[in-house]
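> With the input below, show me the fold.
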Amino acid sequence: MRHTTEQLDIWRRDGGVILDSFFTADELAPCVDGMEQMYGHLRPDDPAAHENFDAKTRYAAQFANTTDLPFHATPELNLIGLHPALVACARAALGTDDVRMYQCHTWAKFTGQTDFDQPFHCDYKNHTLTVPGEDEVDRTINFMIYLTDVTDEHGAIHYVPVPESDPITGPMRPQFAGEAAGYEAQLRAIERSGAAPAGSVFAYGIDVFHRGTNLTLPDAHRFTVTASYKAAGNDQIGWSAWPRFFREPWHLVMDNASVEQRTCLGIPAPGDPFWTELTLARTRDRWPNSDWSAYDKALLNQPVD
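Residues are numbered from 1 along each chain as shown. Take a look at the predicted model:
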């Protein structure tokens, strides 16, 4: 358990909270190696090239170095969004033991790649076709995992706590509260920085106003992983249909994930009626290097470790 009750209270009140030094240096090292494998060769040669981008090109370039799970990288990077301590935090935040990770992606930013500055917005526009729910179990929690140090010079996320933004924007939570709605200057006047050292996590909701900022430190980079959780059965929330990426290296996840981590991806837990001798045999045939012994034991009504 790496979060505190006080931190989750702040998250519920403000919509965002920094979980300082959530991950250890040993846990981060292979993840950073994986990010270098994926993105290290993409560092821009011309740090000033982005100055000539128009708005459309700049927006596209902001998201150029993002990849959805699974990743062509280390197993540790593939599983960092499913870390048991992160799952425990999601369960506590959403008030249920049955949670699902519905989004996970890597994001590499480099100084000079583009201008990463954004107007204030809420993320619910692309997480749901409705709006954020009021009940705890209907909410979501997003974890932005800092694999590297993130200072304001490294483009730290900026946000405005809900109790401070509501008097400005009202309670309707417009998707775009910045320039489009005329609130940008007022929100920027009271924004807070999400800067924190490597290993920290910015936990936030899809109803908090936030924005990306530009990297200004020469030759700098920012490596992050985002993992989003919802309560199982919350069909209003969605992002990734994991089977859609079946051609990607899922074996890096399946061969290294625990039973709990698989369950967070929507794979039925041991003992679920889905599992029969046939479905288990077919699953083992699909993933021959994965450990399915816990599912075997449950099928035979034996104790599962």
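
> On the three-state scheme, Ala227 is what?
Put simply, Ala227 is strand when judged by DSSP: H, G, I helix; E, B strand; the rest coil.

> tell me the contacts of it?
80-82, 86, 101, 103-104, 142-143, 145 (CB atoms under 8 Å, 6 or more residues apart in numbering). Yep, even glycine has a C-beta here, placed from its N, CA and C like the rest.

> Averaged over its residues, which helix or strand of the chain has the lowest pLDDT?
Least confident helix or strand of the chain, by mean pLDDT, DSSP states H and E, is helix 55-62 with a mean of 79.

> Okay, strands next: where are they in the stretch 51-200 of the chain?
For the stretch 51-200 of the chain, the strands defined by DSSP state E, counting those that start in this stretch cover 66-68, 99-110, 140-146, 158-160, 192-193.

> How far does the fourth one sit from its chain's centre?
Centroid separation between strand 158-160 and its chain, computed with CA atoms, centre = their mean, to the nearest Å, is 17 Å.

> ok, now which ones touch the residue nearest to Lys109 when sequence neighbours are not counted?
Distances taken as CB to CB, 6 or more residues apart in numbering place Arg222 nearest to Lys109, at 4.4 Å, with adjacent residues excluded. Applying CB under 8 Å, 6+ apart, we find Arg222 in contact with 107-109, 148, 150, 154-155, 215.

> Pick the one among the contacts of Ala227 closest to Gly182.
Nearest to Gly182 among these is Asn142, at 26.2 Å by CB to CB.

> What's the local residue count around that closest one?
21 (other CB atoms under 10 Å).

> and what of Met35?
25.

> May I ask which of the contacts of Ala227 has the most neighbours?
Cys104 (28 neighbours).

> What residues sit buried inside the lengthiest helix in the chain?
The longest helix of the chain (DSSP state H) is helix 25-39. For helix 25-39, a neighbour-count test (16 or more other CB atoms under 10 Å) marks 28, 31-32, 34-35, 38-39 as buried.

> ok, now how distant is the spatially closest residue to Val259 that is not a sequence neighbour from Pro268?
Nearest residue to Val259, sequence neighbours excluded (CB to CB, 6+ apart): Ala294, at 5.1 Å. The spacing between Ala294 and Pro268, counted by CB to CB, to the nearest Å, is 12 Å.

> Among those two, which residue is more densely surrounded?
Ala294 (17 against 14).

> where does that one land in three-state SS?
helix.

> Find the residue closest to His72 in space, skipping its chain neighbours.
In space, His72 is closest to Pro249, 5.8 Å off (CB to CB, 6+ apart).

> Give me the distance from stretch 201-214 to the chain's centre.
11 Å.

> Dump the buried residues of helix 25-39 into CSV; add pLDDT and distance to Phe176 as well.
Shown next, in CSV, are the buried residues of helix 25-39 (pLDDT from 0 to 100; distance: CB to CB, whole Å):
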residue, pLDDT, distance to Phe176
Leu28, 98, 34
Cys31, 98, 32
Val32, 98, 33
Gly34, 98, 33
Met35, 98, 30
Met38, 97, 30
Tyr39, 97, 29
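
> Could you save those residues as CSV and add columns showing distance to Ser258?
What follows is the buried residues of helix 25-39, written out as CSV (distance: CB to CB, whole Å):
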residue, distance to Ser258
Leu28, 20
Cys31, 17
Val32, 23
Gly34, 19
Met35, 23
Met38, 24
Tyr39, 27
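
> just checking, the residue nearest to His72 touches Phe71?
Yes. Counting by CB atoms under 8 Å, Pro249 touches Phe71, with 7.5 Å between them.

> Which positions in stretch 260-271 come out as buried?
By 16+ other CB under 10 Å, the buried positions in stretch 260-271 come out as 261-265, 267, 269-270.

> Out of these, which comes closest to Tyr183?
Once CB to CB is applied, the member of the buried residues of stretch 260-271 that ends up nearest Tyr183 is Cys264, at 35.9 Å.
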